[in-house]
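*Asks:* Quick one: sequence plus predicted model below, questions after.
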Amino acid sequence: MNEFFASFSLNEIFKATMVLFAVIDIIGSIPIIIKIKETSGDIHANRITLVSLVIMIAFLITGESILMLFGVNVESFAVAGAFVLFAMALEMIMGIELFKETPIKGKSVGIVPLAFPIIAGAGSMTTLISLRAEYEMVNILIAILINMIIVYATLKLTRRIERLLGPGGVAILKKVFGIILLAIAVKLFASNVTQLFQ
């Protein structure tokens, strides 16, 4: 226990928090959250945040072992996540429907794609592996918790943000962040696909 708290570092917590915040980009995901609300009527912030937290902590602790159980390496996982993000970006930019789903009601709304792959997706998981090599476990865990608090608050305040922006603002936000999401997908794909052929 003493060793656990001896590893506590505000500097590491701040750096890890900022890195995860940039990767998760929950603010940039507001258009996706609004889109899911339009389709399903509501989302369950508690459940989405909890599922995201569990996925990220589990992956932090077990790392690549989880993927190896299924015979999948981190690069393959990242490329698969890039395809999903790419498709979602096209929906936002072009106004087309690629994910033809029956509207879902109940507690499972938003688990996919919000909890995975938006919040706890390939980008977050590969980042956690990188952070694990640089920072102490306790500091990364705290950084994850801080980000989950931000995620929860954003999910809860989405309706207010939507009213503040109005229909025109939401449409513009979707296009802008759709392009950003597309760029993230391309970068995630490009940085991992070459590893698959080595």
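*Replies:* Noted; the coordinates are in hand.
*Asks:* What sits closest to the residue sitting nearest the centre point of the chain if chain neighbours are left out?
*Replies:* Among the residues of the chain, residue 119 comes closest to the average C-alpha position under CA atoms, centre = their mean, at 1.8 Å. Leaving aside its sequence neighbours, residue 119 sits nearest to residue 52 (CB to CB, 6 or more residues apart in numbering; 4.2 Å). Where C-beta positions appear, they are placed from N, C-alpha and C, glycine not excepted.
*Asks:* Surely that neighbour is in contact with residue 148?
*Replies:* Yes. Under the criterion of CB atoms under 8 Å, residue 52 makes contact with residue 148 at 6.4 Å.
*Asks:* Pull out the buried positions in the helix or strand hosting residue 22.
*Replies:* Counting by DSSP states H and E, the element that carries residue 22 is helix 10-24. Using 16 or more other CB atoms under 10 Å as the test for burial, helix 10-24 gives 12, 13, 15, 16, 17, 19, 20, 21, 23, 24.
*Asks:* follow-up on the earlier one: for the residue nearest to the centre of the chain, give its distance to residue 136.
*Replies:* Here residue 119 is placed at a distance of 23 Å from residue 136 (CB to CB, to the nearest Å).
*Asks:* does residue 68 sit in a helix, a strand or a coil?
*Replies:* helix (DSSP: H, G, I helix; E, B strand; the rest coil).
*Asks:* actually residue 72, not the one I typed
*Replies:* coil.
*Asks:* check contacts around it.
*Replies:* Residue 72 is in contact with no residue at all, counting by CB atoms under 8 Å, 6 or more residues apart in numbering.
*Asks:* picking up where we left off before, ramachandran angles for the residue nearest to residue 119?
*Replies:* Residue 52 has phi and psi values of phi -60, psi -40 when expressed as degrees, to the nearest 10.
*Asks:* what's around it, how many residues?
*Replies:* Counted with other CB atoms under 10 Å, residues neighbouring residue 52 total 26.
*Asks:* gap between it and residue 145?
*Replies:* In this view, residue 52 and residue 145 are 11 Å apart by CB to CB.
*Asks:* Identify the residues contacting residue 165.
*Replies:* When contacts are counted by CB under 8 Å, 6+ apart, residue 165 is found next to residue 173.
*Asks:* Check the gap between it and residue 43 for me.
*Replies:* Residue 165 is 18 Å from residue 43, by CB to CB.
*Asks:* Look up how far residue 77 lies from residue 68.
*Replies:* Distance, residue 68 to residue 77, by CB to CB: 11 Å.
*Asks:* Tell me which of these two has more neighbours.
*Replies:* Neighbour totals were compared for residue 68 and residue 77, and residue 77 leads with 20 against 12 (other CB under 10 Å).
*Asks:* The more buried one contacts residue 129, correct?
*Replies:* No. Look at residue 77 against residue 129 with CB under 8 Å: they stay out of range, at 10.5 Å.
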